[in-house]
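**Student:** my questions are about this predicted structure, shown below with the sequence.
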Amino acid sequence: MHVFAKCENFTASREVKAAGLYPYFQPIEKSCDTEVFIEGKRKIMIGSNNYMGLTHDPRILEAAKAALDRYGSGNTGSRFLNGNLDLHDLLEDRLAEFTGKEGALVFSTGYQVALGSIGALIGRTDTVFLDKFDHACIQDGARLGFGDVVRFPHGDLVRLRRLLEAQKPERGKLIAVDGVYSMEGDLADLPALIPLAKEFDAALLVDDAHSLGVLGPKGDGTAAHFGVTDDIDLITGTFSKSLASIGGFIAGSDTVMEYLQNNARSLIFSASMPPSAVAIVLKALEIIESEPERRELLWKNTHKMMEGFRAIGFDIGPTETPIIPILVGPMEKTFHFWKALFDAGIFTNPVVPPAVPEGSCRLRTSYMATHTDEQLDYVLETMEKIGKQLDVV
Ligand SMILES: Cc1ncc(COP(=O)(O)O)c(C=O)c1O
């Protein structure tokens, strides 16, 4: 069979497009923090990961412009060779301090962090243990390693224990979890995972993509939130959410950072974060640390929406964070719900298999420190009206 046969046979997206319900790759023409414009129409954005609302902060934009002027638009190479800036090194020092770890290593995306780090750490004599709901980058990073990959049902630590017991004691072990699960909004139970990891001499990696800025006394993530930073071996994160930029990092011991710096292929064989993107992260960290009121606003908005949705009768699952999924169930109904909201000026993200299990399609909504009460009230009223029309509530 020809290699392109699968493309000919792939009709799903064309069918949804023909029905006028295709929700992805919407071309945003203009963006103003909590609102975006698509085909000239304003939409309230409740589908971003801009938790701190920093992407349009004048201080952030100034920092980016200053870095453009000083270093130019891009680094045209990997950090390993010609693309390492003093700014990358400075950012690593700041991140190590921020996360409470010895060292940190900055990559060009969060996705590449997982590919490079897990891929390099899991050798033939190792096994990596993944929660089934771990982000795709962790799943893919594990596939790149040469070791064994074992998956346990979401949050099921009894099953994880059995899987750990089944391993030969001499195998190296890494347990990798999301700090906050990106489609559910619930937290990994780090206080329960830590003793388990210790008992089996497994290292523990926590992906803090959705926790930075959001959780912890200074927005320093899930481990800080639970007060267990010293017991977590590796913390990974992305700059594409609260930190208003693009890029990612891993933090841990100097020894592991040194190894990854010289062995993580997605770091060595890919160009480095551009100067403006690094400068944005440095400024965003400064703002997040010095303005705790932003986090308070985020949580105020989050609680308002959780309570509002529950009062209407929506099923929002076990979320504990600004990620609030509206569980709809069937795919077609989810697309219809998305479209009605979109037409009413609300941008949400429909999430369907393989990103979530069959039959648990949802609209992923997420909130920002900068959403206004007026915007959120409109979202609640409109969701209630359309949710009732479509029999979701
Ligand atoms: C849990 C989690 N980890 C990692 C990533 C990857 O981050 P990036 O967008 O920087 O590649 C994401 C992004 O969606 C995520 O949700």
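**Tutor:** On my side now, so go ahead.
**Student:** so the closest residue to the ligand within the stretch 101-250 of the chain versus Ala209, what's the distance?
**Tutor:** Across the stretch 101-250 of the chain, the shortest distance to the ligand (C-beta to the nearest ligand atom) belongs to Gly110, at 2.5 Å. All C-beta atoms are positioned from the backbone trio N, CA, C, and that covers glycine. Applying C-beta to C-beta, to the nearest Å, the value for Gly110 to Ala209 is 6 Å.
**Student:** and Ala18, by the same measure?
**Tutor:** Distance, Ala18 to Ala209, using C-beta to C-beta: 34 Å.
**Student:** who has more neighbours, the two?
**Tutor:** Taking neighbours as other C-beta atoms under 10 Å, Ala18 and Ala209 compare with Ala209 leading, 26 against 10.
**Student:** which one is the more buried one nearest to, not counting chain neighbours?
**Tutor:** Thr238 (4.5 Å; C-beta to C-beta, 6 or more residues apart in numbering).
**Student:** hang on, the one you found packs against Gln112?
**Tutor:** No. Between Thr238 and Gln112 there is no contact under C-beta atoms under 8 Å: 9.8 Å.
**Student:** more neighbours: which of those two?
**Tutor:** The residue with more neighbours, out of Thr238 and Gln112, is Thr238; 27 against 22, by other C-beta under 10 Å.
**Student:** Glu289: which element?
**Tutor:** For Glu289, the host element (DSSP states H and E) is helix 275-290.
**Student:** list the buried residues in that helix.
**Tutor:** Using 16 or more other C-beta atoms under 10 Å as the test for burial, helix 275-290 gives 275-285, 287-288.
**Student:** for the residues you listed, which two are the farthest from each other?
**Tutor:** Farthest pair in the buried residues of helix 275-290 (C-beta to C-beta) is Pro275 and Ile288. Separation: 20.4 Å.
**Student:** I'd guessed Phe146 sits against Leu121; true?
**Tutor:** No. Counting by C-beta under 8 Å, Phe146 stays clear of Leu121, with 10.5 Å between them.
**Student:** related to what we said a few turns ago, what do Thr238 and Gln112 both touch?
**Tutor:** Listed as contacting both Thr238 and Gln112 by C-beta atoms under 8 Å, 6 or more residues apart in numbering are Gly248.
**Student:** what are the ranges of the helices in the stretch 151-300 of the chain?
**Tutor:** Per DSSP state H, counting those that start in this stretch, the stretch 151-300 of the chain carries helices over the ranges 157-165, 190-199, 222-226, 254-263, 265-268, 275-290, 292-312.
**Student:** and the angle for the first one with helix 190-199?
**Tutor:** Going back to what we said before, that points to helix 157-165. Comparing the axes of helix 157-165 and helix 190-199 via axes from the mean of the first three to the mean of the last three C-alpha atoms, to 10 degrees yields an angle of 20 degrees.
**Student:** identify each buried residue in helix 157-165, please.
**Tutor:** Under the neighbour-count criterion of 16+ other C-beta under 10 Å, helix 157-165 has 157, 160, 163-164 buried.
**Student:** so what's Asn349 bridging to?
**Tutor:** Beta bridges link Asn349 to Arg364, judged by DSSP bridges.
**Student:** quick one, strands of the protein?
**Tutor:** 30-32, 35-38, 41-45, 103-107, 126-131, 148-152, 172-178, 203-207, 234-238, 248-252, 323-329, 346-347, 349-351, 361-366 (DSSP state E).
**Student:** now those as CSV including distance to Ala271 and mean pLDDT?
**Tutor:** Shown next, in CSV, are the strands of the chain (distance: least, C-beta to C-beta, whole Å; pLDDT from 0 to 100):
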stretch, distance to Ala271, mean pLDDT
strand 30-32, 25, 95
strand 35-38, 28, 98
strand 41-45, 29, 98
strand 103-107, 11, 98
strand 126-131, 27, 98
strand 148-152, 29, 98
strand 172-178, 26, 98
strand 203-207, 23, 98
strand 234-238, 17, 98
strand 248-252, 14, 98
strand 323-329, 30, 97
strand 346-347, 31, 98
strand 349-351, 29, 97
strand 361-366, 29, 97
